[in-house]
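**Q** dropping the sequence and predicted coords here.
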Amino acid sequence: MNVEHILRTKESRVVAVRTSATVAEAIGLMKAENISALVVKDVCRTEGNTLAGVLSERDIVHALLDRGAPLLSMPVSQLMTRQPVTCAPSDSVRQALQLMDRHHIRHLPVLEDGHLVGVVSARDFTRLQLQELEGTVAAAPEPSAGTAYAH
């Protein structure tokens, strides 16, 4: 089984924040969406909508200890993980899990030809494992022509 299967069987919406948003805004979005990490995007006229980094709860907690409350007014770009570890839709579940384990991360942006097509998380892999244990793993639907995994 590969990462593409997971992307096709989960909600396709990727929650993102711009590099210019404040850390407080990012925390508010995480709370509202009940998630623990955000994709950070930057809109460049020459390159389009590009993945700039990832911001996780762990990033925020560690920085809060170091910098205190002033952290909340900082732009996300000063705190995010730049050049995050990523995977491809064709990577196996095992490869994705090994990346997450090796780099001590719980969220993995999925890139295809340099474009963000989704995010897989530890929660997705837990859900898959539960489905396998219960014998309810669904077959991934066949891709439609021109259909993206997630936006």
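**A** Structure received. What you see is a predicted model; the values in this text were computed from it and never measured. Numbers count the residues shown, from 1 in each chain.

**Q** check which helix or strand the spatially most central residue of the chain maps to.
**A** Nearest residue to the geometric centre of the chain (C-alpha atoms, centre = their mean): V119, 3.8 Å. Per DSSP states H and E, V119 falls inside strand 115-121.

**Q** now the angle between strand 115-121 and the helix or strand following that strand, please.
**A** Using DSSP H and E, the helix or strand that follows strand 115-121 towards the C-terminus is helix 122-134. Put simply, helix 122-134 runs at 60 degrees to strand 115-121, going by axes from the mean of the first three to the mean of the last three C-alpha atoms, to 10 degrees.

**Q** residue ranges in this structure under the pLDDT threshold?
**A** 43-49, 137-151 (pLDDT under 70).

**Q** mind listing the strands for it?
**A** 16-18, 37-44, 48-56, 81-82, 107-112, 115-121 (DSSP state E).

**Q** what are the contacting residues of the last one?
**A** By C-beta atoms under 8 Å, 6 or more residues apart in numbering, the surrounding residues in contact with strand 115-121 are 3, 6-7, 10, 12, 14, 37, 39, 41, 49, 51, 87, 89, 96, 106-111, 148-150. Glycine gets a C-beta too; all of them are placed from N, C-alpha and C.
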